[in-house]
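Peer 1: here you go, sequence then predicted model.
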Number of protein chains: 2
Amino acid sequence: MQSQNISDIIEKYLKSILADAEHVEIRRSEIADLFNVVPSQINYVIKTRFTIQNGYLVESKRGGGGYIRIEKVNLLDDADVLDTLIQVIGDSITQRDAYAVVQSLYEDDVLNRREAQLILVATDRNTLAVDDHDLENSLRARIIIGILNHLRYES
Amino acid sequence: MQSQNISDIIEKYLKSILADAEHVEIRRSEIADLFNVVPSQINYVIKTRFTIQNGYLVESKRGGGGYIRIEKVNLLDDADVLDTLIQVIGDSITQRDAYAVVQSLYEDDVLNRREAQLILVATDRNTLAVDDHDLENSLRARIIIGILNHLRYES
DNA sequence: ATAATAAAAGTCAATATTAGTCAAAGATAA
DNA sequence: TTATCTTTGACTAATATTGACTTTTATTAT
């Protein structure tokens, strides 16, 4: 058998809960105590094993009564198409290229007209209105990738 | 499992009343006693969860017979909702307030669920991922206002 | 009527309670 | 050996809670 490091064990523990439930909600320090690790290791486990690529959504809240919530979501058939697009976009994209990406998603019926327009407005040069072109292009990339990642599953 | 903190519980309590009534009028100290918190916590709950972005109006009176009154307002009743919201947003908005604004638009059927999600993803702190908070908040404001202005044409 | 007192709510900053980030050190696998 | 993965902990950020002090309004006493 493979190395059973603690991260793997915590991963299995959380997934065993998710086998029966739609989501799991934890207090970070409690899980850390349970497995005798530092709290930030929980973040490590989540970051490496509960990604959207794997079909997990994570949300959290700090402060009193804070929590981390992991939800299992259904990945759609389009998921790998979106992966490819995300790869192509990388960490920067021009307005022109963004238009092409959104256009093709519209033609493939991944987005309807209104949604496509929303994205184009959100990533428009004049909307972002930053002087630095590199920053503009990287912001545009992050916004579109964020949206593509969101489109991978149904909510 | 969820909402372990008292502020969330008080929020739900007040909203459950507002589900049946147009407004709720409380005596601050009574609610504070009811939930065993200091009176100023009620102000905290109101300030963080019953903002105009959330679609609530709050008025109060001090002195004998004083009260706090929370009213749910329907932004759609206002002929120029979008103008109002744009005013409220100004040139900067936090993620929390943006969530409230988008939620309101969804509740008022200006946006459907998918569109609301798209906007929230596009303006999420981690999506924008700029270290300068002021820049983050102003970008968020421009994106949301850009979209609101776009919606004006559509409808 | 005016002044003093009481009875509310408001403000703000200190403290508490969470989770997040990041980089260094350690362990494991190729 | 070298590259990758894991573990750790110091530091940061977000959110919630508390209480001392202030302000506003109503009531009571003179």
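Peer 2: Happy to help now that I have it. Numbering: from 1, shown residues only, chains lettered A, B, ... in the order given.

Peer 1: which positions in chain A make contact with DNA strand C?
Peer 2: Applying C-beta under 7 Å from any atom of the strand, we find that chain A lies next to DNA strand C at A:2-3, A:5, A:26-29, A:39-40, A:42-44, A:47, A:60-68. To be clear about C-beta, it is placed using only N, CA and C from the backbone, and glycine gets the same treatment.

Peer 1: now the helices for chain A?
Peer 2: Listed in chain order, the helices of chain A (DSSP state H) span A:6-20, A:28-34, A:39-49, A:79-89, A:95-107, A:113-122, A:125-128, A:133-151.

Peer 1: contact partners for the residue nearest the centre of chain A?
Peer 2: In chain A, the residue lying closest to the centroid (C-alpha atoms, centre = their mean) is A:Ile52, at 4.7 Å. A:Ile52 is in contact with A:Asn149, A:Arg152, A:Tyr153, counting by C-beta atoms under 8 Å, 6 or more residues apart in numbering or on different chains.

Peer 1: nearest to DNA strand D, of those?
Peer 2: Closest approach to DNA strand D among these (C-beta to the nearest atom of the strand): A:Asn149, at 20.6 Å.

Peer 1: now for A:Ile143: which residues touch it?
Peer 2: A:Ile119, A:Ala122, A:Thr123, B:Ala122, B:Thr127, B:Leu128, B:Ile143.

Peer 1: ok, of these, which one's closest to A:Leu18?
Peer 2: Distance to A:Leu18 across the contacts of A:Ile143 (C-beta to C-beta) is lowest for B:Thr127, with 25.3 Å.

Peer 1: excluding chain neighbours, what is closest to that closest one?
Peer 2: A:Gly146 (3.9 Å; C-beta to C-beta, 6 or more residues apart in numbering or on different chains).

Peer 1: do I have it right that the one you found meets B:Leu120?
Peer 2: No: using C-beta atoms under 8 Å, A:Gly146 is not in contact with B:Leu120; the gap is 9.7 Å.

Peer 1: find the nearest non-adjacent residue to the closest residue to DNA strand D within chain A, please.
Peer 2: Distances between chain A and DNA strand D by C-beta to the nearest atom of the strand are smallest at A:Gly63, namely 2.7 Å. In this structure, A:Gly63 finds its nearest non-sequential neighbour in B:Asn5, 7.3 Å apart by C-beta to C-beta, 6+ apart.

Peer 1: again with A:Ser60
Peer 2: A:Ile68 (4.4 Å).

Peer 1: roughly how far does that neighbour sit from A:Ser92?
Peer 2: 31 Å (C-beta to C-beta, to the nearest Å).

Peer 1: please name the bridge partners of the closest residue to A:Arg27 other than its chain neighbours.
Peer 2: Excluding the flanking residues, the one nearest A:Arg27 by C-beta to C-beta, 6+ apart is A:Tyr67, at 6.0 Å. Beta-bridge pairing for A:Tyr67 (DSSP bridges): A:Lys61.

Peer 1: hmm, back to that, same list (the contacts of A:Ile52) but as TSV, adding neighbour count, distance to B:Ser16 and pLDDT.
Peer 2: Output for the contacts of A:Ile52, formatted as TSV (neighbours: other C-beta atoms under 10 Å in any protein chain shown; distance: C-beta to C-beta, whole Å; pLDDT from 0 to 100):
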residue	neighbour count	distance to B:Ser16	pLDDT
A:Asn149	19	35	95
A:Arg152	20	35	93
A:Tyr153	18	31	93
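
Peer 1: and of these, the nearest to DNA strand C?
Peer 2: A:Asn149 (15.3 Å).

Peer 1: any idea how far that closest one lies from A:Phe50?
Peer 2: Taking C-beta to C-beta, one finds A:Asn149 at 14 Å from A:Phe50.

Peer 1: got the domain boundaries for chain A?
Peer 2: Listed domain ranges for chain A are A:6-72, A:79-151 (source: automatic domain parsing).

Peer 1: what's the closest non-adjacent residue to A:Glu59?
Peer 2: A:Arg69 (5.2 Å).

Peer 1: apologies, that question was intended for A:Asn137.
Peer 2: In space, A:Asn137 is closest to A:Ser92, 4.2 Å off (C-beta to C-beta, 6+ apart).

Peer 1: can you check A:Ile10 too?
Peer 2: A:Val45 (4.9 Å).

Peer 1: list phi and psi for the closest residue to chain B within chain A.
Peer 2: For chain A and chain B, the shortest gap (C-beta to the nearest C-beta) falls at A:Gly65, measuring 2.9 Å. Main-chain torsions, A:Gly65, degrees, to the nearest 10: phi 70, psi 20.

Peer 1: stretch A:13-22 near chain B anywhere?
Peer 2: No: for stretch A:13-22, no contact with chain B is found by C-beta under 8 Å from any C-beta of the partner chain; the gap never falls below 9.9 Å.

Peer 1: put the alpha carbons of that stretch into PDB.
Peer 2: Provided in PDB are the C-alpha atoms of stretch A:13-22 (Å, rounded to 0.1, in the frame of the first residue of the first chain):
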ATOM      1  CA  TYR A  13     -11.800  11.000   6.700                       C
ATOM      2  CA  LEU A  14     -13.400  14.000   5.000                       C
ATOM      3  CA  LYS A  15     -14.400  12.000   1.900                       C
ATOM      4  CA  SER A  16     -15.900   9.300   4.000                       C
ATOM      5  CA  ILE A  17     -18.300  11.900   5.400                       C
ATOM      6  CA  LEU A  18     -19.000  13.200   2.000                       C
ATOM      7  CA  ALA A  19     -19.900   9.700   0.800                       C
ATOM      8  CA  ASP A  20     -23.100  10.000   2.900                       C
ATOM      9  CA  ALA A  21     -23.700  13.700   2.900                       C
ATOM     10  CA  GLU A  22     -23.800  16.500   0.300                       C
END
